[in-house]
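Student: fold the following and give me the result.
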Amino acid sequence: MKFVPKIIFIIFASALALPEFFISAQGEFAEICDINNIEKSCSSIEPTQCRQLLEKCDQYYKEESARIGQDLSKTEKEKQTLQNKVSSLRKQIQNLEYQIYQSNLMIGDLSVQIKDTELSIGKTSLHIEDIKDRLSLVIRKINEEDQRTLIEIMLAEGMSEFFDNLASYESLSFETQELLANIKSLKNTLESQKQALDSNKDDLEDQVYLQTLQKKQNSELKTQQEYYLKITEEEYQKQLKEKQEIEKVAAQIRSRLFELIGVPEGGIEFGKAVEIAQYVERATGVRAAFLLSILAQESMRYGKIGENVGQCYLQNINTGDGTRIQTGAASIRTMNPTRDVPVFLEIIRELNQAKGLVRDHLRTPVSCWITAYSGGKPYGWGGAMGPAQFIPSTWVKYKTRILGIMGSLPDPWDIKDAFLAAALYLKDLGAENNEFKAAMKYFSGSSWTWLEEQAYGKPVIERAKQYQEEINLLSQ
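Tutor: Numbering: from 1, shown residues only. Okay, the predicted model is just below:
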């Protein structure tokens, strides 16, 4: 990454003080907000200015991510449209191939019929010629008889034989002429049939020609659409890669912001908690005062949020039973053995491996089973982890989302990760529209009692009002 001249930092410092000028400097943000350049800049300016720089760059990358997200959505729609067109053309081509195949079969059948008809016409013509020859012989015989005188005929044949021959010739002539007429009619019919078959064949051949032409045009259009689809897919992948790179840098900036806040181990004072909660509010939309009130309800002790992260240790991974940290007394139902224990063990293993920790699952504080609302009867389980008191099976549902925002494996015992996880969970529970309902769902799930409302929901809402007043004073 190339070195950023000092003048850029001067421009940016001015931008922080003058919002109007800051807007005009937007074109330089890609360079100013490069993570390496941010580190160089923060090494030469005050921590407060560094934090302002990080917050501005965080906002810049958030806007860039949103912009690219819109482009991705648009490109994806274009890609889907092209995919639909290519699919439609492919089906049209396939349908035309079927039609051409069917038409060629019909043409073949018509060709056979035409050939058969031509043979029939040929045979009929020969039959007609034969009858014509026979008829000519009869006519010739009659003509010959007509040339003889009556006396010659009578002397040669006798009167009776003469009349018999004459009747025979006349009868033969009539029958022959009638047969000839029928055969000629048959020939005409066959010739008309052949003409109709030829016409149908010509029509089908014309249809096949047009279908073949349409198939060719569709194939060319399909090839063109596939080319555009390829270009669109390349653009989509390019935009996707750009968005991933921006989100990666944004995660580094968020992580750097949290580092700058400097959260100590063992809980934080209200002022530090406000800083984290306000940042999380910008990231999630969940009101900072409400988030702080939830976390105070879950883990405040000695005036510090995150101080109380559980009073029990898990001891038996098969039954889920544990012991109380302060007294060593047995504590039943410390963690659900089927739903949460395997997840809990995997969380510990992943964190130890990724962060070089040596956390012991049998010496990691978790919440005890609460009997206050059950009358001492078996009801629910303990096992909630960290400042936000997440049940292991719930935490893993948010692990990937936190990783995407922060860029590192989230830790339920890290107060910064806990703040973000709690806000995401509350957002999903509808905190932006109904904080009381979200608080009760956070505590007890989809249903709760009046007693639980009085002991948890009501104090959370009242404390949130108080916190909001204190935040307003800090902002003045």
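Student: buried residues, stretch 433-440. List them.
Tutor: Under the neighbour-count criterion of 16 or more other C-beta atoms under 10 Å, stretch 433-440 has E435, A438, A439, M440 buried. No exception for glycine: its C-beta is placed from N, CA and C like everyone else's.
Student: and the second one, that's in a helix?
Tutor: Yes. Checked against DSSP: H, G, I helix; E, B strand; the rest coil, A438 lies within a helix.
Student: could you check how far it is from D202?
Tutor: 77 Å (C-beta to C-beta, to the nearest Å).
Student: and of the buried residues of stretch 433-440, the nearest to E191?
Tutor: Using C-beta to C-beta, A438 comes nearest to E191 of these, at 90.9 Å.
Student: show me what contacts the closest one?
Tutor: Counting by C-beta atoms under 8 Å, 6 or more residues apart in numbering, A438 makes contact with L426, L429, G430, A431.
Student: ok, E78 next?
Tutor: E78 neighbours (C-beta under 8 Å, 6+ apart): T232.
Student: now swap in C368 and tell me
Tutor: C368 touches G310, Q311, C312, G322, R324, S331, T334, G382, counting by C-beta under 8 Å, 6+ apart.
Student: do I have it right that the fifth one meets G310?
Tutor: Yep, that's R324 we're talking about. No. Assessed by C-beta atoms under 8 Å, R324 is found out of contact with G310, at 10.3 Å.
Student: mind listing the strands for this protein?
Tutor: 312-314, 322-324, 330-331 (DSSP state E).
Student: got the buried residues for the first one?
Tutor: The reference is to strand 312-314. Those would be C312, Y313, L314, for strand 312-314 by 16+ other C-beta under 10 Å.
Student: that older thread, of the contacts of C368, keep whichever come out buried.
Tutor: Using 16+ other C-beta under 10 Å as the threshold, G310, Q311, C312, G322, S331, T334, G382 are the buried ones among these.
Student: kindly indicate which of these lies nearest E55.
Tutor: Of all the buried ones among the contacts of C368, E55 sits closest to G310, with 33.0 Å by C-beta to C-beta.
Student: what pLDDT does the closest one get?
Tutor: Per-residue pLDDT puts G310 at 88.
Student: do the same with the one 10 residues further on
Tutor: pLDDT recorded at G320 is 96.
Student: so the nearest residue to it once chain neighbours are set aside versus E281, what's the distance?
Tutor: Closest residue to G320 apart from its sequence neighbours, by C-beta to C-beta, 6 or more residues apart in numbering: P337 at 3.9 Å. To E281, P337 is 37 Å away according to C-beta to C-beta.
Student: residue boundaries of the helices in the stretch 301-450 of the chain?
Tutor: For the stretch 301-450 of the chain, applying DSSP state H, counting those that start in this stretch gives helices covering 341-355, 392-406, 415-428, 435-444, 450-452.
Student: in JSON lines: these, plus mean pLDDT and distance to S65.
Tutor: Formatted as JSON lines, those follow (pLDDT from 0 to 100; distance: least, C-beta to C-beta, whole Å):
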{"stretch": "helix 341-355", "mean pLDDT": "94", "distance to S65": "25"}
{"stretch": "helix 392-406", "mean pLDDT": "90", "distance to S65": "11"}
{"stretch": "helix 415-428", "mean pLDDT": "93", "distance to S65": "17"}
{"stretch": "helix 435-444", "mean pLDDT": "93", "distance to S65": "26"}
{"stretch": "helix 450-452", "mean pLDDT": "87", "distance to S65": "39"}
